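Undergrad: Have a look at this fold, sequence not included:
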């Protein structure tokens, strides 16, 4: 007997006997085979099956076994070995029956009650199916496994329990339909011989030599037989339906004759029937007319609700936009406040530096002047020394040439003159000191006058700015005497006239209102400035009913306001005839009014706009500044009060105070003449102030000019004194150097000349140092002056920047308040609108309930809805009139209801049958088209399966160098298998009946394996497949099965055999389950996995 080549299935290192400890671990956990290695030398990356395979099976009182199992199967190859009677076939039979198979399919009995053990009332089968991965069946319900429990009673009935593995014992379903759905999902076919090949079916197949049986086996294995039977059943149904159509057509002829007879009788009473029919139709119309009227009311309510929801959405958008604007206004206010704080800090920080720089400039100037004086002194001294040197040289030359001697009287005269010159020098030096002090005083006076001039010049600019503003204001006030609207801008009268024209032309929905300041009146004129400081730009604003009116007003304003100039604000708010009720949110104080109560407002639109935009109901007016501070800051502000304004226009909050820059009202003053007079006086004062400033500037200019002239004179006088001193010193030196020619020593003169030259060098060197120092001090002075000018300029610029920022801060604060009121306004409008909308919705619900009742009543009268064009009142009149007419007809004729009923029944019967016949004809036609297409598909599918089966069969035969062919005769339903055991050129193809037993068994196994390759099922079961094989063919068949199992790790193979299987390779993908021989009196069969080591022992 040839030895099996085990190296074809496993590598040498995997062929070693496993240790006992590993086998025990393997026994404990039956799911480790997902990680098994390949049978072949190479490793495989295919994963184990995830759905549909058998994880375990357990039997109780089944056939002749009291208790069998539980058996845990591996995911790939499982061998169930044991002697006859040990329960191998019982396991396979239980698998078929437990998954819903019929008893006859098992070839072990014709009824289920035959499977109950003798002496017992019932049998139980428990099968666990794997349910993992993406293709799992209802994984969230069943979990990783599905437990199928079947209970078989003695009477042959059975029941199912489908349990989950997630919670032990939880029953998910008891319906067989659920089991069928699970089997269909997993593609499990227990009655398919390829999926489960029982011992009896295996024997019949192996021993059968009939070609028709092979063909039937092929058809059943591929489920083509089921498709063919379905097709035959459909064709039989079609023929039966054709017979029904023929019978129906014969019956139609008879019914048509009867219907015509009834129709003739019916025509005789058609008039009365028509009236009754019309009466019934009118009743139907009446029922649905009531429904129509309610629906119209419903549609109107729905339209109102839709409009209301659109408006609510618009209000939501407006609230969102208002919130965005509020956030922007608060951010702008914060930014301006930060800028002002930054400017104030920077100004305060630069003030000490400015003072220090000013002192530094003064010190640098003084040091520079002193250095300049020293330099000039050195320069004059140098010039004098140079002149002395020239005179000495000249004298030496003269002495060398002249031999004459001076007279004594000349010497005395020189001595006398020298004394006089020295006295004169002392007097000149005293004058020089006095003149130097005068120069310094004149320089300081000039600098002071220039600074005063610059300050007065800035003051002049400020006064001119105020004068120009007052002159413009005076012109506006004078114009307003003839037209008060001009107080709000010279363009306002023309703009209002254009608004009137546009309104007359129909361009506005409602005529815009404005300017708002012209629509309000003061109760107390002393509060004019306070109210004007509160409302600010709103006094010039206009109100529009909607955004369309706003666009028209914007277009009109473009004609009167130049680009780049500010335009009045436009407030868009729905016009109302009544003013808001603000009593619940208005501020209250027993002594001081709010802005709202201090004004007389005739137009509700104006009042509502000021409430929305400025919250005038929450702003108190307190004339006295100190009282305002006490009310708002010394104690808790009054309820609902946000801020207050004083008679001076100052704005008071709980935590801050802002002074007003305006001293008189611009728009709300009533005494125009008095205001004009005050403005004229103020203008005259400003003009006089400017005149005084001019005079002061002129005086300063003259003073500076005069001081500069005196400074120039002093400087010239100073230079003259210097020259006189130097000249006197030179004369003294010259006189001292003159002696009589007779007594003069030339060598002495030369020594004096040399000494004079040394002094000149020293003075020159000192003069250079003084010059460098003077230049250095001059650069320091210029640098200090530049720094001082720079910081002074920055402080002036900061001051100029702060003024408009204060205005912007007040405007920004007002804008924040406006936006908050606007948001609150929209919130109130939204709340009011939502209340109305909810009321409409409740009304809609009531109407819908009423509609349902009326429609229910209408359907009882007329099930199908009809279109009604008349009103319910008109239909009621027609019904009454027709009833009277029918009663009159009844009085003249007998009862005709029976004739009408018979005619209707005959007609309905005829039409019903005619409709059925037509429907059946259409069905037959459609069925023929479908079946023609399905039969073509069936033939194509059969050809594909046939071709695949042939290819797999040839491939499997080639493993033993066999050749063969399969010939399918679908017409005669035969399958001929021819096999050539040797090479193709040595023998002809032989029928399987001519083969030896082993060759025929091998060919049959090849045929089964080829069917396995084309059939889809998660597991394959073979019972005693090798019973008729010798050892060689058994090994070859086993090798082929193992190879196929290795290539199909996603499928499970359960092989039942009485052989020991001791020569199998060791692998976690192979599980051997050994059934112990039954013992006398034994009730439970022991079951344990058999390791290769135990088998060898």
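TA: Yep, it's here. No experiment lies behind these values; they were computed from the predicted model shown.
Undergrad: Residue 109 and residue 103 touch, don't they?
TA: Yes. Using Cβ atoms under 8 Å, residue 109 makes contact with residue 103 at a distance of 5.1 Å. For glycine as for every other residue, the C-beta is placed from the backbone atoms N, C-alpha and C.
Undergrad: joint contacts of those two?
TA: Shared contacts of residue 109 and residue 103 (Cβ atoms under 8 Å, 6 or more residues apart in numbering): residue 115.
Undergrad: neighbour-wise, which of the two wins?
TA: Per other Cβ atoms under 10 Å, whichever of residue 109 and residue 103 has more neighbours is residue 103, with 20 against 14.
Undergrad: Report the mean per-residue pLDDT for stretch 85-96.
TA: The predicted model assigns stretch 85-96 a mean pLDDT of 86.
Undergrad: again with stretch 927-934
TA: For stretch 927-934, the per-residue pLDDT averages 86.
Undergrad: Buried residues of that stretch, list them for me.
TA: Under the neighbour-count criterion of 16 or more other Cβ atoms under 10 Å, stretch 927-934 has residue 927 buried.
Undergrad: which residues sit against it?
TA: Taking Cβ under 8 Å, 6+ apart as the rule, stretch 927-934 contacts 231, 234-235, 238.
Undergrad: now swap in stretch 1008-1022 and tell me
TA: For stretch 1008-1022, the external contacting residues (Cβ under 8 Å, 6+ apart) are 49, 51-54, 92, 95, 186-189, 192, 194-197, 202, 218, 221-223, 945, 948-950, 952-953, 956, 1025, 1040-1041, 1044, 1051-1056.
Undergrad: Just want the phi and psi numbers for the residue most central in space within the chain.
TA: Closest to where the C-alpha atoms of the chain average out (Cα atoms, centre = their mean) is residue 320, at 17.9 Å. Main-chain torsions, residue 320, degrees, to the nearest 10: phi -60, psi -40.
Undergrad: picking up where we left off before, can you pick out the most distant pair from the contacts of stretch 927-934?
TA: Put simply, by Cβ to Cβ the two of the contacts of stretch 927-934 set farthest apart are 231 and 238, 10.6 Å from each other.
Undergrad: name the helices or strands packed onto the helix or strand where residue 299 lies?
TA: Here residue 299 sits within helix 270-401, counting by DSSP states H and E. Where contact means 3 or more Cβ pairs under 8 Å, 6 or more residues apart in numbering; DSSP states H and E, helix 270-401 is packed against helix 408-482, helix 672-737, helix 746-861, helix 872-892.
Undergrad: what about 10 Å?
TA: If you count contacts as 3 or more Cβ pairs under 10 Å, 6 or more residues apart in numbering; DSSP states H and E, helix 270-401 packs onto helix 224-268, helix 408-482, helix 672-737, helix 746-861, helix 872-892, helix 897-957.
Undergrad: what angle separates the fourth one from helix 672-737?
TA: Here helix 746-861 runs at an angle of 160 degrees relative to helix 672-737 (axes from the mean of the first three to the mean of the last three Cα atoms, to 10 degrees).
Undergrad: Which stretches in the stretch 101-250 of the chain count as helices?
TA: 139-142, 176-186, 199-207, 211-221, 224-268 (DSSP state H, counting those that start in this stretch).
Undergrad: Looking at the fourth one now, give me its mean pLDDT.
TA: Averaging pLDDT along helix 211-221 gives 82.
Undergrad: How about the last one?
TA: The average pLDDT within helix 224-268 is 79.
Undergrad: Identify the residue spatially nearest to residue 375, adjacent ones excluded.
TA: residue 770 (4.1 Å; Cβ to Cβ, 6 or more residues apart in numbering).
Undergrad: How about the contacts made by the one you found?
TA: By Cβ atoms under 10 Å, 6 or more residues apart in numbering, the contact list for residue 770 reads 371-379.
Undergrad: Closest to residue 765 out of those?
TA: residue 378 (9.5 Å).
Undergrad: pLDDT below threshold where in the stretch 451-600 of the chain?
TA: 477-484 (pLDDT under 70).
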